[in-house]
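Trainee: sequence and predicted structure below; questions after.
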Amino acid sequence: MKKSLILIAVCIILTLAGGCTRNKKSLLPNISGKAGEVVVVIDRDSWEGNLGSETRSILASDCPYLAQREPMFNVTNVPPASFTSLFKVHRNIVLMNVNPQIQETGVVYKHDEWAHPQAIVQINAHDADEAIVVLRDNSASILEFLEQAERDRIIANSILYEEKGLRLPVEAVSGGRLHLPSGYKLRKQTDDFVWIADDKQYTNQYILVFKYPVSGRQPLESKTLLDNINSILQANVPGMVDNSYMVTSDAMPVTFTNLTYRQRQFVQVRGFWEVYNDYMGGPFVAHAFYSKDGKDIIVLYAFVYAPRYDKRLYFRQVESMLYSFEWVK
């Protein structure tokens, strides 16, 4: 009897503890600010000096593979005295903790300090020169942390407003699932190719899911992979005039990066697409990986066409959806 009571008490405590964690998050206000914005908390003199210049050069560096120059993030300065509750609920915050009395220098990453879902980067340094060194040494991880926060928000929103009718076509080709929000429609489907589109008047966002067979498991060689991608694009994505079709552009070099994301290994391909015999083009990103049985290579391919607008937001949205892929159990 005593053992049973003890077990019940432990279960209640654990339930309450989990509930407290959930309640803390649910009690936080929603984040403010536009997608891609970062608030940097730093005094005005430092912001206008070398530390501010270095901060801007990292956070507002050029977004890769866009036709026009666009910053990775839009950066706003808020002095510490003005960092009140109005700014504490911002989506992305970089705190400059420059103090000669701090115990340990470096970067601290936090989530949901004053709002949800919030990302906070805290730079700890004894002086401005040391803060610059910390920034430079950790620039890649800082950018990836903020990028991941933006990506997670897009995926969460896609799951919340998911167009569930698109699950089966994607699963039939890939054996997995992409979380695509309402507004996306099925444009084309074959046994090994799916084209999903969100077409608006001046902005077009596209997701392609396709596969091709391979004999034996072998490394994803860049040239072979790109040749197969181009062949499938030519066969399935026609242009608007006769004898026109989509291909990979030679205007910019294509990059191949081996990545592991949530225990899924894939090759990330970045470059530009264009339409042969026409004047259309834009950025693309693709994830290529083996099917579960190893008989096919699966390609998730995202691209945008928005000639009248900046493309960072639209491209970040479609790229994030590739990261939502999960195998169907």
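Mentor: Thanks, I have it.
Trainee: pLDDT (mean, whole number) over the longest strand along the chain?
Mentor: Longest strand of the chain, by residue count under DSSP state E: strand 264-276. In this model, strand 264-276 has an average pLDDT of 93.
Trainee: show me what counts as buried in stretch 318-329.
Mentor: Burial within stretch 318-329, assessed by neighbour count using 16 or more other Cβ atoms under 10 Å, is assigned to 318-325. Using the backbone N, CA and C atoms, a C-beta is placed for each residue, glycine as well.
Trainee: let me know the angle separating the helix or strand just after the longest strand of the chain from strand 264-276.
Mentor: The helix or strand immediately downstream of strand 264-276 is strand 281-290, counting by DSSP states H and E. Per axes from the mean of the first three to the mean of the last three Cα atoms, to 10 degrees, the angle that strand 281-290 makes with strand 264-276 is 150 degrees.
Trainee: on that earlier part again, which helices and strands does the longest strand of the chain pack with?
Mentor: If contacts are counted by 3 or more Cβ pairs under 8 Å, 6 or more residues apart in numbering; DSSP states H and E, strand 264-276 sits against helix 222-236, strand 245-248, strand 255-261, strand 281-290.
Trainee: which of the ones you listed sits most buried?
Mentor: Greatest average neighbour count among those goes to strand 281-290 (a mean of 21), per mean count of other Cβ atoms under 10 Å.
Trainee: after that strand, which helix or strand is next?
Mentor: Using DSSP H and E, the next helix or strand after strand 281-290 towards the C-terminus is strand 296-305.
Trainee: report the angle between the axes of that next one and strand 264-276?
Mentor: Using the same axes, to 10 degrees, strand 296-305 lies at 50 degrees relative to strand 264-276.
Trainee: strand 296-305 pairs with which strands, parallel or anti?
Mentor: Next to strand 296-305 in the sheet, as set by DSSP bridges, lie strand 204-213 (antiparallel), strand 281-290 (antiparallel).
Trainee: okay, those in TSV with mean pLDDT next?
Mentor: Shown next, in TSV, are those (pLDDT from 0 to 100):
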stretch	mean pLDDT
strand 204-213	96
strand 281-290	94
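Trainee: dump those strands into TSV; add distance to Met72 as well.
Mentor: Conversion of those to TSV gives the following (distance: least, Cβ to Cβ, whole Å):
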stretch	distance to Met72
strand 204-213	19
strand 281-290	14
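Trainee: Ser61: which of those strands is closest?
Mentor: strand 281-290 (16.2 Å; Cβ to Cβ).
Trainee: show me what the closest one is in contact with.
Mentor: 65-67, 214, 217, 220, 225, 229, 248-249, 251, 264-275, 296-306, 311, 315, 318-319, 322, 325 (Cβ atoms under 8 Å, 6 or more residues apart in numbering).
Trainee: by mean pLDDT, which helix or strand of this structure comes out lowest?
Mentor: Scoring the helices and strands of the chain by mean pLDDT, DSSP states H and E places helix 2-27 at the bottom, with a mean of 53.
Trainee: let me know the next secondary structure element after it.
Mentor: Downstream of helix 2-27, the first helix or strand assigned by DSSP H and E is strand 37-41.
Trainee: work out the gap between that next one and the centre of the chain.
Mentor: 19 Å (Cα atoms, centre = their mean, to the nearest Å).
Trainee: for it, packing partners?
Mentor: helix 50-59, strand 74-78, strand 92-98.
Trainee: tell me what whatever helix or strand comes next after the last one is packed against?
Mentor: When you say that, I think you mean strand 92-98. With elements assigned by DSSP H and E, the helix or strand that comes after strand 92-98 is strand 106-111. Applying 3+ Cβ pairs under 8 Å, 6+ apart, we find strand 106-111 packed against strand 119-125, helix 139-160.
Trainee: try it again at 7 Å.
Mentor: If contacts are counted by 3 or more Cβ pairs under 7 Å, 6 or more residues apart in numbering; DSSP states H and E, strand 106-111 sits against strand 119-125.
Trainee: need the next SSE after the strand it packs on, C-terminal direction.
Mentor: For strand 119-125, the following helix or strand on the C-terminal side (DSSP H and E) is helix 128-137.
Trainee: relative to strand 106-111, how tilted is that next one?
Mentor: 60 degrees.
Trainee: looking at the helices and strands packed on strand 264-276, spot the one closest to Gly106.
Mentor: Ranking the helices and strands packed on strand 264-276 by proximity to Gly106 (Cβ to Cβ) places strand 255-261 first, at 24.5 Å.
Trainee: low-confidence ranges in the protein?
Mentor: Across the chain, the ranges flagged by pLDDT under 70 are 1-26.
Trainee: that older thread, in TSV, list the helices and strands packed on strand 264-276 along with distance to Val133.
Mentor: TSV is the format used below for the helices and strands packed on strand 264-276 (distance: least, Cβ to Cβ, whole Å):
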stretch	distance to Val133
helix 222-236	35
strand 245-248	39
strand 255-261	27
strand 281-290	32
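Trainee: ok, which of the ones you listed comes nearest Asn30?
Mentor: The closest of these to Asn30 is strand 255-261. By Cβ to Cβ, the value is 26.3 Å.
Trainee: hmm, who's touching that closest one?
Mentor: 222, 266-270, 323 (Cβ atoms under 7 Å, 6 or more residues apart in numbering).
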